[in-house]
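Undergrad: mind looking at a prediction? Sequence and model below.
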Amino acid sequence: MTPPGDGAVELASLVKRYGTVTAVDGLSLSAARGAVTALLGPNGAGKTTTIEICEGFRRPDAGSVRVLGLDPVADARALKPRVGVMPQTGGVPGTARAAEFLRLVASFHSSPLDPDALLARLGLTEHARTPFRRLSGGQQQRLSLAVAVVGRPELVFLDEPTTGLDPQARHATWELIEALRAAGVSVVLTTHNMEEAERLADRVVIVDRGTVVAEDAPAGLTGAERQLRFRARPALGLEELLAALPAGSAAKESPAGHYVIEADVRPELLATVTAWCASHGVLTEDLRIERRTLEDVFLELTGRELRP
Ligand SMILES: Nc1ncnc2c1ncn2[C@@H]1O[C@H](COP(=O)(O)OP(=O)(O)OP(=O)(O)O)[C@@H](O)[C@H]1O
């Protein structure tokens, strides 16, 4: 096995089974220090299990784990003050009042952030005295995020930090994550939000069936290839249009009335498509040239079928 690198997180050939289910199946990844690494993957892909192994909450059945160069289980005491954790749910006792609990966590650290300023930043000042279990789902998540970062950790694990948040809270969370990155903190997060991954991540790691299927910077994954997209009336004769395009082009309608042409996008291609539309009495709307989205790449790599 190759020796681990010096990333904030180094995983090599990680395996975790729950009975007959292999949740993590030989997963290797390196999350660079001072960078935001986003794990994307369908439901059940093994993201949470992987993060929980990094947090020392679960032991792998095989493979190696290094977090800030240490073993998350054997070196748990050394890692605790250096690593912040925001679990997918919970993480705070139900009866704990928001501000009291955050101040308590802050008191365990040598140079914490100001808990009240953090509550204000995450829009929780009005709920400072509310017990955790009485907070709304989105407020609970924001408090969990505050708890994860109040100790000025070197590394934070955020499991779906913005799922279920309203747009305001989502943007406040993104800004906080950007500020962490600017301060040199290493961030490993999971998300199902492609916009979030594109906006925040230095590196995106796509996980499927317990293993990494692609990893790169967001722009590296979406590539330089471009597509032509437009809207028009449903059920245009795509085969006929395709026949007019250069060999190797592809065209699809999904959903009805939304067309994508994947081809070498040059001025001549645009001219051919618009000429074909004109000769068939088709008025195109929103005709545009764009890169593949991260969601396109994600669906290509992981397929469209629902996961059990
Ligand atoms: N404690 C457990 N006992 C048994 N099976 C489990 C346990 N935890 C997770 N699994 C199974 O392991 C697989 C991976 O789950 P995991 O929660 O790691 O996926 P995930 O990628 O985080 O999914 P999601 O996007 O839905 O949060 C799933 O098939 C899940 O049902």
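TA: Structure's in. What do you need? Numbering: from 1, shown residues only.
Undergrad: drop to CA atoms for contacts and neighbour counts, all remaining ones
TA: OK.
Undergrad: now do stretch 214-231: everything it contacts.
TA: 197-198, 201-207, 257-265, 270, 284-294, 297, 301 (Cα atoms under 8 Å, 6 or more residues apart in numbering).
Undergrad: which ones among those residues lie within helices?
TA: Assigned to helices by DSSP state H, the following of the contacts of stretch 214-231 qualify: Ala197, Glu198, Leu270, Leu294, Val297, Leu301.
Undergrad: tell me the pLDDT at the nearest residue to the fifth one once chain neighbours are set aside?
TA: Closest residue to Val297 in three dimensions, ignoring its sequence neighbours and counting by Cα to Cα, 6 or more residues apart in numbering: Thr222, at 6.4 Å. Per-residue pLDDT puts Thr222 at 90.
Undergrad: what is the most widely separated pair among the ones in helices among the contacts of stretch 214-231?
TA: With distances taken as Cα to Cα, the most widely separated pair in the ones in helices among the contacts of stretch 214-231 is Ala197 and Leu270, at 30.7 Å.
Undergrad: which of the two has more residues huddled nearby?
TA: Ala197 (24 against 16; other Cα atoms under 10 Å).
Undergrad: pretty sure the more buried one is touching Gly41, no?
TA: No - with contact taken as Cα atoms under 8 Å, Ala197 and Gly41 are classed as non-touching, separated by 11.5 Å.
Undergrad: tell me the contacts of Glu52?
TA: Contact analysis of Glu52 by Cα under 8 Å, 6+ apart lists Arg58.
Undergrad: ramachandran angles for it?
TA: Backbone geometry at Glu52, expressed as degrees, to the nearest 10, gives phi -70, psi -30.
Undergrad: now Ala219
TA: The main-chain torsion angles of Ala219 are listed as degrees, to the nearest 10 and equal phi -70, psi -30.
Undergrad: please apply the same query to the one 4 residues further on.
TA: The main-chain torsion angles of Gly223 are listed as degrees, to the nearest 10 and equal phi 70, psi 180.
Undergrad: just the buried residues of the contacts of stretch 214-231.
TA: Among those, those buried by neighbour count (16 or more other Cα atoms under 10 Å) are 197-198, 201-207, 258-265, 270, 284, 289, 292-294, 297.
Undergrad: can you give me the end-to-end span of stretch 55-72?
TA: 6 Å (Cα to Cα, to the nearest Å).
Undergrad: is that stretch anywhere near the ligand?
TA: No - in terms of Cα under 6 Å from any ligand atom, no part of stretch 55-72 sits within range of the ligand; the closest distance is 9.5 Å.
Undergrad: identify the residue nearest Ser110 in space, chain neighbours excluded?
TA: Gly151 is the one closest to Ser110 (Cα to Cα, 6+ apart), at 7.7 Å.
Undergrad: distance of that neighbour from Val15?
TA: Relative to Val15, Gly151 is positioned 31 Å away (criterion: Cα to Cα).
Undergrad: hang on, the earlier thing: number of residues surrounding the residue nearest to Val297?
TA: The burial count assigned to Thr222 is 19, neighbours taken as other Cα under 10 Å.
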